[in-house]
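> just need the structure, nothing else, for what follows:
(2 chains)
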Protein chains: 2
Amino acid sequence: MRGVYDKAQVHAILDEGFVCHIGFVNLIDGQPYVIPTAYARSGEQIYIHGSPASRVMGVASRELDMCLTVTLIDALVLARSSFHTSMNYRSVVVLGKARHVTDLDEKREALRLFTNHVVAGRWEQTKQPTDQELKATSVLSLPIEEVSAKIRTGPPLDDEEDYALPVWGGVVPVIQSFGEPIPDDRVLPGIATPRLTR
Amino acid sequence: MRGVYDKAQVHAILDEGFVCHIGFVNLIDGQPYVIPTAYARSGEQIYIHGSPASRVMGVASRELDMCLTVTLIDALVLARSSFHTSMNYRSVVVLGKARHVTDLDEKREALRLFTNHVVAGRWEQTKQPTDQELKATSVLSLPIEEVSAKIRTGPPLDDEEDYALPVWGGVVPVIQSFGEPIPDDRVLPGIATPRLTR
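Residues are numbered from 1 along each chain as shown, chains lettered A, B, ... in the order given. Model (predicted):
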């Protein structure tokens, strides 16, 4: 495993994931919370769909100490010894102060990024949010300043003497893919099914 | 989306995932951290592979306020309006005080659970850890007491008038699967390749 501070690699991991886990502290009792939510990168900042977190935080302060983590699992790493059993993964951890986005145009842009981050071009096909819907949506923005990435790749690293054991060693890829789209029962005739690739 | 407090559903989500995100607070500067790591459930407690977190925490205190979150993404939910675009997912959030496991037999049992949680029966095939390896491994234990789960299932819920729009609506399954195992270059002749199903 190695730490990575290369900006292009950090961006690539953030752009490949589509769910992050954000961590923050309840200021009343000091309890940490970790909540999964949608996000999208815009240059050197990350927009975060804040509604799941807002339900936990209640009335939110203007700025919030946050940790945002994105993890991509690439493979199980099966070593001959249980001690060296591991996973290949890529993860990014961003620390910083998240700001509540209040400007409606910036919120609209964040929602466009969320939507197109998961399905390219989907925003342009869908009905766009009203000002009232934007006001009802919580969006946070976190700068990508204090950031680190961790990447593990490659085969297991067993102790030399353990390679003589009659145990299989290697990696088993973990693959995330999209299945066949399932229409709801109100799709109009002649509407094309979206094609997602990943 | 609905909150779930049924024990069997909470256990099922914890047992299906194999990476959790743990959140904790650096007691010096109040900074929250979120770190991915391996875990396994044992009855009403969760054992957590603590080494990734230990690197962040440095010397650890005996007890640690923690949030452990496991998230399974089941589908993209493509609504006709971007506002109702969502995901189907199942997540569990456990709050509590994590205890550092020091007893070597309990650590050994935790490692057995980590290993077999991902690949059933793997522990029995591999070389088991020495006492020295166990001492070098950080294991935390968190009781499943303060716990909640959230589950979203089903099709998008568009506003009634939006069903008349010429936009596809439905769900796109997100599937996690295992690829063909890739042996390293030191597997002995005649060793069977593991068969993983998920």
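> give me the distance between the two termini of stretch A:172-190.
Stretch A:172-190 has an end-to-end distance of 41 Å (C-alpha to C-alpha, to the nearest Å).
> mean confidence score for it?
In this model, stretch A:172-190 has an average pLDDT of 97.
> list the buried residues of that stretch.
A:172, A:174, A:176, A:178, A:181, A:184, A:187 (16 or more other C-beta atoms under 10 Å in any protein chain shown). C-beta: built from backbone N, CA, C; applies to glycine.
> return the residues in contact with the residue located most distally from the centre of chain A.
Distance to the chain centre peaks in chain A at A:Ala164, reaching 40.1 Å (criterion: C-alpha atoms, centre = their mean). Neighbour list for A:Ala164: B:Leu188 [criterion: C-beta atoms under 8 Å, 6 or more residues apart in numbering or on different chains].
> over to A:Val25?
A:31-33, A:65, B:25, B:30, B:32.
> and if you look at A:Lys107?
Counting by C-beta under 8 Å, 6+ apart, A:Lys107 has contacts A:101, A:134, A:137, A:139.
> let's go with 10 Å and repeat that
With contacts defined as C-beta atoms under 10 Å, 6 or more residues apart in numbering or on different chains, A:Lys107 is in contact with A:47, A:101, A:129, A:131, A:133-135, A:137-139, A:141.
> coming back round to it: between the buried residues of stretch A:172-190, which is closest to chain B?
A:Asp184 (3.7 Å; C-beta to the nearest C-beta).
> my read is that that closest one contacts B:Asp162, right?
No. A:Asp184 is not in contact with B:Asp162 according to C-beta atoms under 10 Å; the separation is 11.9 Å.
> most surrounded residue in the contacts of A:Val25?
Within the contacts of A:Val25, neighbour counts (other C-beta atoms under 10 Å in any protein chain shown) peak at B:Val25, which reaches 23 neighbours.
> show me what it is bridged to.
B:Pro32 (DSSP bridges).
> from A:Asn26, how far out is it?
10 Å (C-beta to C-beta, to the nearest Å).
> any common contacting residues for the two?
With contacts taken as C-beta under 10 Å, 6+ apart, B:Val25 and A:Asn26 have A:32, B:67 as neighbours in common.
> so where's chain A uncertain?
Across chain A, the ranges flagged by pLDDT under 70 are A:1-2, A:4, A:55-61, A:198.
> in it, which spans are strands?
When secondary structure is read from DSSP state E, chain A shows strands at A:2-4, A:20-25, A:32-37, A:39-42, A:45-49, A:63-78, A:86-100, A:139-143, A:146-151, A:170-178, A:182-183.
> grab the longest helix from chain A for me.
Ranked by number of residues, the top helix in chain A under DSSP state H is helix A:104-118.
> okay, it in PDB with CA atoms only?
Output of helix A:104-118 as PDB, limited to C-alpha atoms (Å, rounded to 0.1, in the frame of the first residue of the first chain):
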ATOM      1  CA  LEU A 104     -29.400  28.900  -6.200                       C
ATOM      2  CA  ASP A 105     -27.400  29.000  -9.400                       C
ATOM      3  CA  GLU A 106     -24.500  27.300  -7.700                       C
ATOM      4  CA  LYS A 107     -26.900  24.700  -6.200                       C
ATOM      5  CA  ARG A 108     -28.300  24.100  -9.700                       C
ATOM      6  CA  GLU A 109     -24.800  23.500 -11.100                       C
ATOM      7  CA  ALA A 110     -24.100  21.100  -8.200                       C
ATOM      8  CA  LEU A 111     -27.200  19.100  -9.000                       C
ATOM      9  CA  ARG A 112     -26.300  19.000 -12.700                       C
ATOM     10  CA  LEU A 113     -22.900  17.600 -11.700                       C
ATOM     11  CA  PHE A 114     -24.400  15.000  -9.300                       C
ATOM     12  CA  THR A 115     -26.800  13.800 -12.100                       C
ATOM     13  CA  ASN A 116     -24.200  13.700 -14.900                       C
ATOM     14  CA  HIS A 117     -21.500  12.200 -12.700                       C
ATOM     15  CA  VAL A 118     -23.600   9.000 -12.500                       C
END
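> distance between that helix and the chain's centre?
Centroid separation between helix A:104-118 and its chain, computed with C-alpha atoms, centre = their mean, to the nearest Å, is 15 Å.
> over to stretch A:139-149?
Centre-to-centre, stretch A:139-149 and its host chain are 12 Å apart (C-alpha atoms, centre = their mean).
> end-to-end on that stretch?
24 Å.
> what residues sit buried inside it?
A:139-142, A:144, A:147, A:149.
> redo the residues you listed as JSON lines? Include distance to chain B.
Listed next are the buried residues of stretch A:139-149 as JSON lines, based on distance: C-beta to the nearest C-beta, whole Å:
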{"residue": "A:Val139", "distance to chain B": "13"}
{"residue": "A:Leu140", "distance to chain B": "14"}
{"residue": "A:Ser141", "distance to chain B": "17"}
{"residue": "A:Leu142", "distance to chain B": "12"}
{"residue": "A:Ile144", "distance to chain B": "15"}
{"residue": "A:Val147", "distance to chain B": "13"}
{"residue": "A:Ala149", "distance to chain B": "12"}
